[in-house]
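1. curious how this folds, go ahead:
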Amino acid sequence: MPSADEPVWSPDPEAAAASQVARFARRVSGRYGVELPDYRALWQWSVDHLGEFWGELVDLFEVDLGSPTATLADDRMPGAVWFPGASLNYVSQVFRDRPPTGVAVVAVTEDGATAELDWAGLESRTAAFAATLRGFGVGLGDRVAGYLPNGAEAIVAFLATASLGAIWSCCGPDYAAPAAATRLAQLGPVVLVAADGYHFGGRAHDRREEVVALTELLPTATAVVHVPHLGLAPPTTGRRDVGWAEASSGGGTLVPTRVPFDHPLWVLYSSGTTGVPKGLVHGHGGVVLDALKSGAFHLDLTDADRMLWYTTTNWMMWNFLVSSLLAGASVVAYDGSPASPQPDQLWRLAAEHGATVLGTSPGYLLASERAGLQPAVDHDLSRIRLVGATGSPLPAGASYWVREQLGTSVPLVSTSGGTDVVSALAFWAPTVPI
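-> Residues are numbered from 1 along each chain as shown. As a prediction, this is how the structure comes out:
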């Protein structure tokens with residue numbers, strides 16, 4: 001164990017030099033004739049040259065923005081104007097140049113059920129569900145609400161909604177109907193996509209009565225798409241009731257609608273501790289660029305990665321997880337408890353599904369230590385190259401425990417961000433010691 005004044009993790013020099021953030025620093029140095037000897041210098045350059053920094057990201061990631069007339073037309077805050085005249089769609093970036101048979105989504109439930117979608121299958125289902133939504137009259141600027149656990153259906157429903165230029169918003173079925181409605185009803189959704197329940201703590205929780213109650217609290221919803229997550233018969237809501245199998249089959253060609261840079265993509269919500277939860281709107285362009293930047297520069301994420309980050313659809317980390325698809329990475333979408341049926345459940349899932357990036361909470365790491373778990377002894381975690389933790393303060397001792405369990409090459413990365421930015425405000429970089 002290193003002493004208190006020594007880093008608990010230090011980058012391998014060759015790996016650091018080959019990282020995406022280091023390559024970007026060399027690119028900027030060459031193009032602008034500036035010295036960027038370390039991460040801090042690159043960060044300072046990005047702050048001092050906002051337009052150049054974000055313009056370089058567009059070029060680096062080859063994001064098709066159409067014909068913007070400027071990068072940063074107005075830097076006032078609030079009121080900044082980014083990429084005027086640009087157009088894009090988040091979904092176009094997700095499916096660009098993907099290998100059809102490569103795995104895109106692995107959906108897992110606590111009871112052990114597993115299903116995989118390759119990129120072709122994900123695109124086909126997205127196209128089919130987009131056609132269903134279009135048939136319901138959903139179009140540019142309309143809202144579609146989800147009452148869904150973390151799974152493939154939630155990802156497909158979101159991508160289909162976004163592809164139409166409609167706006168997605170979701171919460172998990174663990175919320176009671178009134179709690180879900182205080183969020184979703186603000187938007188006047190025209191379609192509700194709802195699951196029959198979810199898994200947690202060794203139980204399958206039937207939420208069909210809540211689906212009916214929620215529908216009654218959403219007077220603008222003219223159609224309800226029922227997802228048989230637990231395999232239960234769908235309830236009758238009095239609206240146009242459609243089953244998921246019908247709504248997501250048929251394939252077709254996915255043609256995402258190009259929208260302005262700041263066109264709303266999704267709406268997340270504040271916690272509601274000081275009143276009704278407040279909607280927080282994020283646009284296509286900002287989410288695409290920031291997610292690509294965070295994935296590349298702070299997780300060194302590539303299409304060789306598979307991310308398992310424990311979350312529910314209530315939390316912005318679900319949006320963060322799904323956005324790893326923008327980098328071509330595959331995702332593991334898990335519905336259940338991280339510690340059921342056994343305390344090592346999350347470690348077991350990481351091993352079984354070959355996660356390279358594992359995200360969890362400080363609480364789970366502490367619980368693993370207290371339970372005397374030896375995850376790398378009991379499971380093959382050789383593919384894990386990074387463990388992330390967020391949601392609460394990370395005790396220093398957790399870093400030493402992860403180092404002891406997984407070895408000196410795997411960093412424990414603490415990140416802090418929030419729903420208001422649907423990203424990180426404080427993060428790690430693979431060139432900087434911890």
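2. tell me the contacts of the residue nearest to S324 when sequence neighbours are not counted?
-> In space, and not counting its chain neighbours, S324 is closest to M307: 4.7 Å by C-beta to C-beta, 6 or more residues apart in numbering. Bear in mind the C-beta positions are built from the backbone N, C-alpha and C, glycine included. Counting by C-beta atoms under 8 Å, 6 or more residues apart in numbering, M307 makes contact with L301, L321, S324, A329, S330, V331, V332, A355, T356, V357, G359.
3. how about the first one: what's its closest non-neighbour residue?
-> In this case it means L301. L301's closest residue in space is G295 (C-beta to C-beta, 6+ apart), at 3.8 Å.
4. what is the burial count for the one you found?
-> For G295, the neighbour count with other C-beta atoms under 10 Å is 25.
5. what bits of the protein have low per-residue confidence?
-> Counting by pLDDT under 70, the chain has low-confidence residues at 1-4.
6. I figured G272 hits Q186, correct?
-> No - the pair G272 / Q186 is not scored as a contact, 11.5 Å apart, by C-beta atoms under 8 Å.
7. got the buried residues for the longest helix anywhere in the chain?
-> Of all the segments of type helix in the chain, defined by DSSP state H, the longest one is helix 119-135. Within helix 119-135, the residues that qualify as buried by neighbour count (16 or more other C-beta atoms under 10 Å) are 119-133.
8. which other helices and strands contact that helix?
-> strand 103-109, helix 152-163, helix 244-247 (3 or more C-beta pairs under 8 Å, 6 or more residues apart in numbering; DSSP states H and E).
9. send me it as PDB with only the CA atoms.
-> Extracted C-alpha coordinates of helix 119-135, given in PDB (Å, rounded to 0.1, in the frame of the first residue of the first chain):
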ATOM      1  CA  TRP A 119     -26.200  -3.000 -33.700                       C
ATOM      2  CA  ALA A 120     -28.400  -4.100 -36.600                       C
ATOM      3  CA  GLY A 121     -31.000  -5.400 -34.200                       C
ATOM      4  CA  LEU A 122     -31.000  -2.200 -32.100                       C
ATOM      5  CA  GLU A 123     -31.300   0.000 -35.200                       C
ATOM      6  CA  SER A 124     -34.100  -2.200 -36.600                       C
ATOM      7  CA  ARG A 125     -36.100  -2.100 -33.400                       C
ATOM      8  CA  THR A 126     -35.500   1.700 -33.100                       C
ATOM      9  CA  ALA A 127     -36.800   2.100 -36.700                       C
ATOM     10  CA  ALA A 128     -39.800   0.000 -36.000                       C
ATOM     11  CA  PHE A 129     -40.700   1.800 -32.800                       C
ATOM     12  CA  ALA A 130     -40.200   5.200 -34.500                       C
ATOM     13  CA  ALA A 131     -42.700   4.100 -37.100                       C
ATOM     14  CA  THR A 132     -45.200   3.200 -34.400                       C
ATOM     15  CA  LEU A 133     -44.700   6.500 -32.700                       C
ATOM     16  CA  ARG A 134     -45.100   8.300 -36.000                       C
ATOM     17  CA  GLY A 135     -48.400   6.300 -36.500                       C
END
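10. related to what we said a few turns ago, now the contacts of M307 as CSV including distance to H49, neighbour count and secondary structure?
-> Formatted as CSV, those follow (distance: C-beta to C-beta, whole Å; neighbours: other C-beta atoms under 10 Å; DSSP: H, G, I helix; E, B strand; the rest coil):
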residue, distance to H49, neighbour count, secondary structure
L301, 24, 24, coil
L321, 31, 25, helix
S324, 27, 21, helix
A329, 29, 21, coil
S330, 34, 26, strand
V331, 33, 25, strand
V332, 37, 26, strand
A355, 36, 27, coil
T356, 32, 19, coil
V357, 30, 26, strand
G359, 31, 25, strand
